[in-house]
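>>> Would you be able to build a 3D model of this:
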Amino acid sequence: MSKATFLVLVITGIFLFSTISFDSEAQNNPADSSELLLRLTAKYTGSIGWSDVYKCNVDEVIKGNMTDSVIILYITVNNYDEIFFRKAVQEGKKAVKTEFRLLAGFKEIENDKPYVNFKNAFIDRNNRTWEITFMKSEDDE
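This next block holds a predicted model:
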């Protein structure tokens with residue numbers, strides 16, 4: 001085997017080994033995830049334009065990497081009404097429900113603005129925008 005062939009094999013082996021190592025490291029590192037699954041306690045705080053605003057405590061990070069303990073979630077009007085429609089309590093006097101226990105999935109999306117632009121989403125402390133992929137109430141369970 002010539003010296004050139006040997007060097008090509010060594011360089012190829014190093015390249016393949018480093019690619020495999022980095023790929024497996026990325027799969028094991030939840031910080032590289034572009035999806036989140038969170039258990040939240042959301043409190044209605046008001047409306048801005050066409051969105052309702054909810055201050056959410058992050059109770060549990062089920063999938064992904066989220067270091068924020070509180071997020072501000074924007075829900076566009078008429079979206080997720082089956083969860084957020086503020087009904088009167090049936091027992092005794094009427095009251096408005098303002099706190100919700102939720103299970104929600106999010107995907108990271110591109111956003112070149114420092115605010116949520118007509119999305120059902122939030123922006124984390126790292127300025128990443130997360131759009132809702134699904135949401136369900138855990139209040140009735």
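
>>> domains of this structure?
Following automatic domain parsing, one gets these domains for the chain: 1-32, 33-137.

>>> among the ones you listed, which gets the worst mean confidence?
Comparing mean pLDDT across the domains of the chain, the weakest is domain 1-32, with a mean of 56.

>>> And the helices in the chain?
Assigned by DSSP state H, the chain shows helices spanning 3-28, 81-84.

>>> Count the residues that sit near Gly46.
Residues lying near Gly46 (other C-beta atoms under 10 Å) number 9. In this view, the C-beta of every residue, glycine as well, is placed from N, C-alpha and C.

>>> ok, what's across the strand from it?
Counting by DSSP bridges, Gly46 is bridged to Val53.

>>> does it really touch Val53, like I thought?
Yes. In this structure Gly46 lies within contact range of Val53 using C-beta atoms under 8 Å: 5.4 Å.

>>> beta partners for Glu60?
Arg39.

>>> How much space separates it from Ser2?
As judged by C-beta to C-beta, to the nearest Å, Glu60 and Ser2 stand 59 Å apart.

>>> Looking at these two, which is more packed in?
The residue with more neighbours, out of Glu60 and Ser2, is Glu60; 10 against 7, by other C-beta under 10 Å.
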